[in-house]
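**Q** All I have is the shape, not the residue letters:
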């Protein structure tokens, strides 16, 4: 790869990370504070909790939602099955939205920045390694969102992306919901909060 192409790819990666990280720095604390306040106020309204937590997870692709905490809270307040379903639906909607953004906007921008030949190279890499990238990165903050956008940019077949991301989301949602539901049996939201932090850390270092 020439230096010029390398710089263009670096610019592309920086742009994608900026889309993900800038809202985090601008609104992350406020969204987390609001989420905590809402959970304390509406903990006995399971339908409302499910709707709001699902919407928060669905918006995670563009907003700095603490998805691990939200998914674990779903298990805490809705039980294992309710929490898992809520988390799965919200995370999958977020993936679909991110994939669509990658196809609709990211792909044309990438074509202009790096050129059609480099985009074809990305498609080849996606064909070889894209499946593993989607599955492995799902529990990891920032990489999860970036991998979804890159899947759309690289032209990954929609059916394959939906299958891989949904199955991965199912596994992650089950883990978070189980942690939340177990914490509910001990009446310890602190344990649920600790679990929501520990799971991504384990994913990062394994």
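**A** Cool, the structure landed. Everything numeric in this text was worked out from a predicted model, so none of it was measured.
**Q** CA only for contacts and neighbour counts going forward, please
**A** OK.
**Q** neighbours of residue 16, just the number please.
**A** 19 (other CA atoms under 10 Å).
**Q** tell me how far the biggest helix by length in the chain is from the chain's mean position?
**A** Assignment by DSSP state H gives helix 3-41 as the longest helix of the chain. Centroid separation between helix 3-41 and its chain, computed with CA atoms, centre = their mean, to the nearest Å, is 11 Å.
**Q** elements contacting that helix?
**A** For helix 3-41, the packing partners by 3 or more CA pairs under 8 Å, 6 or more residues apart in numbering; DSSP states H and E come out as helix 107-114, helix 143-153.
**Q** between those, which one is nearest to residue 39?
**A** The closest of the helices and strands packed on helix 3-41 to residue 39 is helix 143-153. By CA to CA, the value is 24.6 Å.
**Q** the inter-axis angle of that closest one versus helix 107-114?
**A** Counting by axes from the mean of the first three to the mean of the last three CA atoms, to 10 degrees, helix 143-153 lies at 90 degrees to helix 107-114.
**Q** Just want the angle from helix 143-153 to helix 3-41.
**A** On the basis of the same axes, to 10 degrees, helix 143-153 is oriented at 130 degrees to helix 3-41.
**Q** Next secondary structure after helix 143-153?
**A** As assigned by DSSP states H and E, the chain's next helix or strand after helix 143-153 is helix 158-185.
**Q** in that following helix, what's buried?
**A** 161, 164-166, 168-184 (16 or more other CA atoms under 10 Å).
**Q** angle of it against helix 143-153?
**A** Using the same axes, to 10 degrees: helix 158-185 against helix 143-153 is 160 degrees.
**Q** average pLDDT for helix 158-185?
**A** Average pLDDT, helix 158-185: 89.
**Q** again with stretch 106-117
**A** Per-residue scores along stretch 106-117 average to 78.
**Q** Give the buried residues for that stretch.
**A** Neighbour counts over stretch 106-117 (16+ other CA under 10 Å) mark 106, 107, 110, 113, 114 as buried.
**Q** before we move on, which element is the residue lying closest to residue 162 once chain neighbours are set aside in?
**A** For residue 162, ignoring the flanking residues on the chain, the nearest one in space by CA to CA, 6 or more residues apart in numbering is residue 96 at 7.5 Å. Per DSSP H and E: residue 96 is located in helix 67-101.
**Q** what's the answer for residue 140, then?
**A** Secondary structure from DSSP H and E places residue 140 outside every helix and strand.
**Q** State the number of residues packed around it.
**A** Residues lying near residue 140 (other CA under 10 Å) number 17.
**Q** Determine the number of other residues adjacent to the closest residue to residue 114 other than its chain neighbours.
**A** Among residues not flanking residue 114 along the chain, residue 8 sits closest, at 5.6 Å (CA to CA, 6+ apart). Residues lying near residue 8 (other CA under 10 Å) number 18.
**Q** Look up the pLDDT of residue 8 for me, please.
**A** In this model, residue 8 is scored at 70, pLDDT.
**Q** how close does it get to residue 130?
**A** Distance from residue 8 to residue 130, counting by CA to CA, to the nearest Å: 21 Å.
**Q** cool, residue 157 as well?
**A** Separation of residue 157 from residue 130 (CA to CA): 11 Å.
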